[in-house]
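S.K.: structure for the following, please:
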Amino acid sequence: MNFKILICSMALIVSMAHAQDQRPNILVILADDLGFADLGCYGSEIETPRLDALADQGLRFSQFYSTAKCHSSRVCLLSGLYCNQAGSAKLNRCTTIANVLGDAGYFTSMTGKWHLAKEPTDFGFQKYWGHLSG
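M.R.: Just a heads-up that it's a prediction; the model follows:
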C-alpha cells in the first residue's frame with residue numbers, strides 16, 4: 001500500500017513540475033531609437049539573427065505605438081496606459097506588468113536604462129541591474 005502511495009505521489013509531483021514548465025518565458029525588449037524596420041524579422045536588410053530567432057519563436061508586435069520620448073513609452077509598456085495618459089505620477093498609481101507577472105509566479109528582472117521615478121523594484125521587478133537616469 002505504501003508503495004502505491006509513493007508512486008502516486010511521485011507521479012503527481014512530476015506532473016506538477018511538468019505543468020510549471022509549460023508557462024512561456026517572457027522577454028520584453030525596449031530599445032531607444034530603434035524602428036520596427038531596423039530588424040531582420042521585420043524585413044530589414046540589416047542582419048539581426050539572434051533577435052530574428054527570438055521573434056520566430058515568440059510573439060511580435062505589429063500594432064504598437066511609441067511616443068517621441070522614451071520615458072512615456074516605458075510607462076505605456078509597463079502599465080498598459082495610452083500615450084496621452086503616461087507620466088511618472090501615473091505609474092505610481094498603476095499595476096505594472098512586472099506586478100502581474102510576479103503575482104503569477106514569474107521571476108521578474110529589469111536590465112538597462114530605467115529613466116523613470118523611483119526604482120524598478122518599487123514597481124514589481126524583483127531584480128534590477130542598470131542605469132537609473134536617462
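S.K.: hang on, Gly130 in a strand?
M.R.: Yes. Using DSSP: H, G, I helix; E, B strand; the rest coil, the assignment for Gly130 is a strand.
S.K.: you'd agree it is up against Leu116?
M.R.: No. Counting by CB atoms under 8 Å, Gly130 stays clear of Leu116, with 11.6 Å between them. To be clear about C-beta, it is placed using only N, CA and C from the backbone, and glycine gets the same treatment.
S.K.: who touches stretch 77-87?
M.R.: 28, 30, 65-67, 71-73, 75-76, 90-91, 94-98, 123 (CB atoms under 8 Å, 6 or more residues apart in numbering).
S.K.: sorry, that was for stretch 27-36
M.R.: In this structure, residues lying in contact with stretch 27-36 by CB under 8 Å, 6+ apart are Tyr42, Leu51, Leu54, Gly58, Cys70, Ser73, Arg74, Leu77, Ile97, Lys113.
S.K.: buried among those residues? Need that as a selection in ChimeraX.
M.R.: Selecting just the buried residues from the contacts of stretch 27-36 in ChimeraX takes one command, with 16 or more other CB atoms under 10 Å as the test:
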select :51,70,73,74,77,97,113
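S.K.: min pLDDT across the contacts of stretch 27-36, which one?
M.R.: Across the set of the contacts of stretch 27-36, Cys70 stands lowest in pLDDT, at 79.
S.K.: quick check: chain neighbours aside, which residue is closest to it?
M.R.: Leaving aside its sequence neighbours, Cys70 sits nearest to Asp32 (CB to CB, 6 or more residues apart in numbering; 5.2 Å).
S.K.: what about the one you found, neighbour count?
M.R.: By other CB atoms under 10 Å, the residues close to Asp32 number 12.
S.K.: could you chop the chain up by domain?
M.R.: What the record gives for the chain is the domain set 25-64, 67-134, from automatic domain parsing.
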